[in-house]
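**Q** have a look; sequence and predicted model below, questions after that.
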Amino acid sequence: MALDEDAVRHALHALNQHGLARSAATDSRVAKFEHRLQDVFNFHRHEIALLCVLLLRGPQTPGELRTRAERLYQFDDLAAVHSALNLLMRREPPLVKILPRQPGTKEARFIHLLSSDVRESSAPRAPQDPSAASETPGGSPDTERLARLEDEVAALRSELSDLKQQLAFFQKQFQ
């Protein structure tokens, strides 16, 4: 990401107008700013830490979030991360959602919902409600359903192939 000083100044001004940032009173020669998320949205520190990391790094597993948010908030364990993610998912509107587990991965990833340009291109398509499929431009409900089923079959085949390889490796250990 490359931002010039004017872009940063404009962004800070816009955030200030919405009450989301303000000038931090310091004795420094350089102007410093602080966010006001906790004040405006009544966030807890652990929620802010997760949102910051998701905004900066994109979709991540709970383990990745725990490690990467460490400087902002020290989570005791993965259960604490899951608890904070659940709080963010239950807000109205939801601020985080879980993505479908990708083939060959153990854990599902989470993604923030703070902007309309969030892309899930690296994730397989999530199962949808059949009524929602008819609203997709350029495709009939049957076409969308077939595409989802084909994706699911491909994912299952990949997972089965991985399991076969793991079994073969395990069997070789005892021969």
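**A** Noted; the coordinates are in hand.
**Q** need phi/psi at the nearest residue to Arg36 once chain neighbours are set aside.
**A** In space, and not counting its chain neighbours, Arg36 is closest to Leu20: 5.6 Å by C-beta to C-beta, 6 or more residues apart in numbering. The C-beta positions use only the backbone N, C-alpha and C, and glycine is treated the same way. Backbone geometry at Leu20, expressed as degrees, to the nearest 10, gives phi -100, psi -10.
**Q** what pLDDT does Leu20 get?
**A** Note on Leu20: pLDDT of 88.
**Q** separation between it and Thr105?
**A** 34 Å (C-beta to C-beta, to the nearest Å).
**Q** re earlier: how many residues are close by the residue nearest to Arg36?
**A** A total of 15 residues lie near Leu20 under the criterion other C-beta atoms under 10 Å.
**Q** I'd assumed Phe33 was in contact with it.
**A** No - taking contacts as C-beta atoms under 8 Å, Leu20 lies outside contact range of Phe33: 10.2 Å.
**Q** for Ala155, pull up the helix or strand it's in.
**A** Ala155 is part of helix 141-172 when elements are defined by DSSP states H and E.
**Q** partner strands of the helix or strand harbouring Arg22, with direction?
**A** Secondary-structure element containing Arg22, defined by DSSP H and E: strand 21-24. Strand pairing for strand 21-24, determined by DSSP bridges: strand 32-35 (antiparallel).
**Q** how much space between the residue of the chain most remote from its centre and Ala168?
**A** Taking C-alpha atoms, centre = their mean, the residue of the chain most remote from its mean C-alpha position is Gln175, at 43.7 Å. Counting by C-beta to C-beta, the gap from Gln175 to Ala168 is 11 Å.
**Q** least confident secondary structure element in this protein?
**A** Sorting the helices and strands of the chain by mean pLDDT, DSSP states H and E puts helix 130-133 at the bottom, at a mean of 41.
**Q** Leu51 is in contact with His112, correct?
**A** Yes - counting by C-beta under 8 Å, His112 touches Leu51, with 6.0 Å between them.
**Q** list residues touching both of the two?
**A** Leu95, Val96 (C-beta atoms under 8 Å, 6 or more residues apart in numbering).
**Q** if we can go back for a sec, per-residue pLDDT, the residue farthest from the centre of the chain?
**A** Per-residue confidence (pLDDT) for Gln175: 75.
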